[in-house]
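Trainee: Kindly return the folded structure for what I paste below:
(one chain, ligands or ions: 2)
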Amino acid sequence: MENFRIGFIGGGRIVQALLEGLEQANYLQNMSIWISCPSADNENSSLKCYGNRIRMTTSNTVLCTNCDIVVFGVKAKLIKSICSELVKTVDNASLAQVLFVSVIPGLTISTIAQWLHTQENIIRIMYNVNVAKCNGSYALSSSKTNENDSRQIYLKSVFDKVAYFAGNVTESELDIMCALIGSGPAFFCTAVEGLADGAVKAGLSRQLANTLAARTMLGCADILVTSSKHPAELKNDISTPAGTTIYGLHELENRGVRGAYMDALMSAFNRAQTMADQLARDLK
Ligand SMILES: NC(=O)C1=CN([C@@H]2O[C@H](COP(=O)(O)OP(=O)(O)OC[C@H]3O[C@@H](n4cnc5c(N)ncnc54)[C@H](OP(=O)(O)O)[C@@H]3O)[C@@H](O)[C@H]2O)C=CC1
Ligand SMILES: O=C(O)[C@@H]1CCC=N1
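Mentor: Ligands and ions are numbered 1, 2, ... in the order given. Here you go, the predicted structure:
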């Protein structure tokens with residue numbers, strides 16, 4: 001497979017998680033990667049650990065003219081000005097040669113297309129920080145034309161090294177994925193933190209409480225992923241009659257914990273869609 005040059009506009013947490021996973025998968029050295037960000041020349045940048053395996057620049061234009069695939073990995077509010085800079089500094093024919101990829105929640109392909117003055121060559125991907133340990137999930141949203149594009153096929157092969165592929169979905173479904181797989185790790189962290197706090201209150205050391213809460217979640221997730229068990233079935237297996245677990249579960253139900261998780265997901269999903277609407281209004 002052709003080794004396309006991938007450029008990341010933005011080199012923050014989500015881009016660094018991907019690099020960490022690709023390094024762990026022993027794949028980074030096969031790749032040609034550029035990153036552009038304002039702190040590219042900063043000697044203290046955490047990206048310096050990759051040495052000359054990654055080319056750094058402060059110029060999004062330089063990155064764009066040197067790459068076949070360009071990933072927007074910045075906050076949504078910056079995209080419009082970055083696109084208008086690219087439209088001014090890179091000629092139309094060159095822009096049309098690049099496959100643009102957005103990992104930004106909500107922001108639609110059609111909005112980006114209007115900002116970039118291009119049509120076909122834009123796709124969206126959503127993934128999560130779990131790629132850092134080659135245990136991520138990702139989904140993408142792209143047209144039939146891009147599905148057969150060798151650059152998309154290559155990009156997919158890169159993500160396949162570090163993440164489970166959830167499918168090529170509609171943009172609206174991708175916003176649901178954003179809430180579930182993108183924000184999900186943060187939601188789970190609140191559960192781990194709460195359980196660990198409880199154990200500390202009961203007298204366990206903080207270090208042991210944090211480790212055991214996280215490991216308990218890891219093992220439980222492993223059973224659910226590798227067996228065909230429904231979560232309710234596993235929960236029932238653990239809850240013996242009049243035992244400790246059912247007492248704890250009753251407290252969670254009293255506080256509507258499942259409703260709270262559903263509301264969290266819906267709120268994150270709605271936020272992605274609101275952001276999309278606001279950004280689209282900026283077009284006018
Ligand atoms: N964090 C996550 O788990 C996920 C994030 N996302 C999305 O990815 C995007 C990035 O998130 P995240 O990595 O967490 O954010 P960070 O704040 O960690 O990183 C943002 C990056 O953007 C760079 N940047 C700022 N201005 C510019 C510019 N004008 N041109 C180029 N680069 C610029 C920053 O550079 P510098 O360091 O020099 O300031 C920084 O490297 C967001 O849209 C987010 O919603 C999607 C899925 C998951
Ligand atoms: O909160 C955010 O904007 C990003 C999107 C998904 C996870 N983090």
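Trainee: The residue of the chain found nearest ligand 2: neighbour count?
Mentor: Residue of the chain nearest ligand 2, by C-beta to the nearest ligand atom: residue 182 (2.8 Å). C-beta: built from backbone N, CA, C; applies to glycine. The local packing of residue 182 (other C-beta atoms under 10 Å) involves 23 other residues.
Trainee: okay, residue 280: pLDDT?
Mentor: For residue 280, the pLDDT comes out at 79.
Trainee: excluding its backbone neighbours, what's nearest it?
Mentor: Distances taken as C-beta to C-beta, 6 or more residues apart in numbering put residue 111 closest to residue 280, at 5.1 Å, once the chain neighbours are dropped.
Trainee: and that neighbour, helix, strand or coil?
Mentor: Here residue 111 is recorded as helix under DSSP: H, G, I helix; E, B strand; the rest coil.
Trainee: I'd say it and residue 278 touch.
Mentor: No: counting by C-beta atoms under 8 Å, residue 278 is not a contact partner of residue 111; they are 10.3 Å apart.
Trainee: When the two are compared, which one has more neighbours?
Mentor: residue 111 (23 against 13).
Trainee: what's the next secondary structure element after the lowest-mean-pLDDT helix or strand in the chain?
Mentor: Sorting the helices and strands of the chain by mean pLDDT, DSSP states H and E puts helix 144-147 at the bottom, at a mean of 78. Downstream of helix 144-147, the next assigned helix or strand under DSSP states H and E is helix 150-160.
Trainee: Not counting its own residues, what contacts the very next helix or strand once past that next one?
Mentor: Downstream of helix 150-160, the next assigned helix or strand under DSSP H and E is strand 163-168. Strand 163-168 has contacts (C-beta atoms under 8 Å, 6 or more residues apart in numbering) with 21, 127-128, 130-131, 134-142, 147, 156, 159, 177, 181.
Trainee: partner strands of strand 163-168, parallel or antiparallel?
Mentor: Using DSSP bridges, the strands paired with strand 163-168 are strand 136-141 (parallel).
Trainee: Give me the neighbour count for residue 201.
Mentor: Neighbour tally, residue 201, other C-beta under 10 Å: 9.
Trainee: tell me the secondary structure for it?
Mentor: Residue 201 ends up helix, using three-state DSSP.
Trainee: near ligand 1, which residues of the stretch 101-250 of the chain show up?
Mentor: Residues of the stretch 101-250 of the chain lying close to ligand 1 (C-beta under 6 Å from any ligand atom) are 103, 104, 105, 128, 129, 182.
Trainee: Show the buried residues in the contacts of strand 163-168.
Mentor: Buried members of the contacts of strand 163-168, counted by 16 or more other C-beta atoms under 10 Å: 21, 127-128, 130-131, 134-142, 156, 159, 177, 181.
Trainee: just to revisit the earlier point, now, the residues of the stretch 101-250 of the chain next to ligand 1 that are in helices?
Mentor: Among these, no residue falls in helices (DSSP state H).
Trainee: quick one: the strands in this protein?
Mentor: 5-9, 32-36, 54-57, 69-72, 99-102, 122-127, 136-141, 163-168 (DSSP state E).
Trainee: Could you break the chain into its assigned domains?
Mentor: Listed by automatic domain parsing, the domain ranges of the chain are 5-169, 184-268.
Trainee: now the shortest one: mean pLDDT?
Mentor: Predicted confidence along domain 184-268 averages 98 (mean pLDDT).
Trainee: Endpoints of it, how far apart?
Mentor: Start and end residues of domain 184-268 are separated by 10 Å (C-alpha to C-alpha, to the nearest Å).
Trainee: So is it next to ligand 2?
Mentor: No: figure legend: domain 184-268 not in contact with ligand 2 (C-beta under 6 Å from any ligand atom); closest approach 7.0 Å.
Trainee: And stretch 85-104, by the same measure?
Mentor: No: Stretch 85-104 lies out of reach of ligand 2 by C-beta under 6 Å from any ligand atom, never closer than 8.0 Å.
Trainee: Ends of that stretch, what's the gap?
Mentor: End-to-end for stretch 85-104, by C-alpha to C-alpha: 18 Å.
Trainee: chain center to it, what's the gap?
Mentor: Per C-alpha atoms, centre = their mean, to the nearest Å, the displacement of stretch 85-104 from the mean C-alpha position of its chain is 22 Å.
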